[in-house]
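Undergrad: Below: sequence and its predicted model.
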Amino acid sequence: MQQQRPNAAPSAGFNFVLAAVLGFIGVFDLVLGLRGEGAGVVITGLALTIYAATLLRDALHIKKTGAPALTRKRMNTIGLACLALYFFGIMVKRVPELAAFFN
């Protein structure tokens, strides 16, 4: 008897909610960073906003066609890249030597 893979398709509704939360925080960080909070805040805001836009694109595509816009591998790659950018922004915000270099 052949085993079936579990159905683990992404949900459009959950992607919308996650995109809204991350997008709000990302735009808020971008505005704070541009108003003088520092480069680290801009970098973290940029990372969150990029991933929120990716999730929103995927959610809209799921809603329209029923299938995700990106493969799971590509989505994971984009997510890890945004996570790396986010951690870099945190390091710039929190490590005094890096903060002094970028400010």
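TA: Sure thing, it's come through. Numbers count the residues shown, from 1 in each chain.
Undergrad: So the spatially most central residue of the chain, which state does it fall into?
TA: Centrality entry for the chain: nearest residue to the mean C-alpha point is residue 51, 2.4 Å, by CA atoms, centre = their mean. Three-state call for residue 51 (DSSP: H, G, I helix; E, B strand; the rest coil): helix.
Undergrad: residues in contact with it?
TA: Going by CB atoms under 8 Å, 6 or more residues apart in numbering, residue 51 touches 22, 26, 78, 79, 82. (Each C-beta comes from the backbone N, C-alpha and C, glycine too.)
Undergrad: just residue 35 next, same as before
TA: Residue 35 touches nothing, counting by CB under 8 Å, 6+ apart.
Undergrad: Can you tell me the closest non-neighbouring residue to residue 28?
TA: Once flanking residues are discounted, residue 28 sits nearest to residue 45: 7.2 Å by CB to CB, 6 or more residues apart in numbering.
Undergrad: Oops, could you answer that again for residue 54 instead?
TA: The shortest distance from residue 54 to any non-neighbouring residue, by CB to CB, 6+ apart, is to residue 78 (5.3 Å).
Undergrad: ok, residue 84 to residue 47 distance?
TA: Noted for residue 84: a distance of 8 Å to residue 47, by CB to CB, to the nearest Å.
Undergrad: nope, residue 11 is what I was after
TA: Taking CB to CB, one finds residue 11 at 23 Å from residue 47.
Undergrad: Compare those two (neighbour count), which wins?
TA: Comparing residue 11 with residue 47 by other CB atoms under 10 Å, the one with more neighbours is residue 47, at 23 against 11.
Undergrad: picking up where we left off before, who wins on neighbours among the contacts of residue 51?
TA: Most neighbours among the contacts of residue 51, by other CB under 10 Å: residue 26, with 23 neighbours.
Undergrad: looking at the chain, which helix or strand is least sure?
TA: Of all helical and strand segments in the chain, the minimum by mean pLDDT, DSSP states H and E falls on helix 96-102, at a mean of 74.
Undergrad: Contacts for that one, please.
TA: 38, 39, 40, 91, 92, 93.
Undergrad: One more pass at 10 Å, please.
TA: Contacts to helix 96-102, defined as CB atoms under 10 Å, 6 or more residues apart in numbering, come from residues 38, 39, 40, 42, 43, 88, 89, 90, 91, 92, 93, 95.
Undergrad: Fine by me, we can end here.
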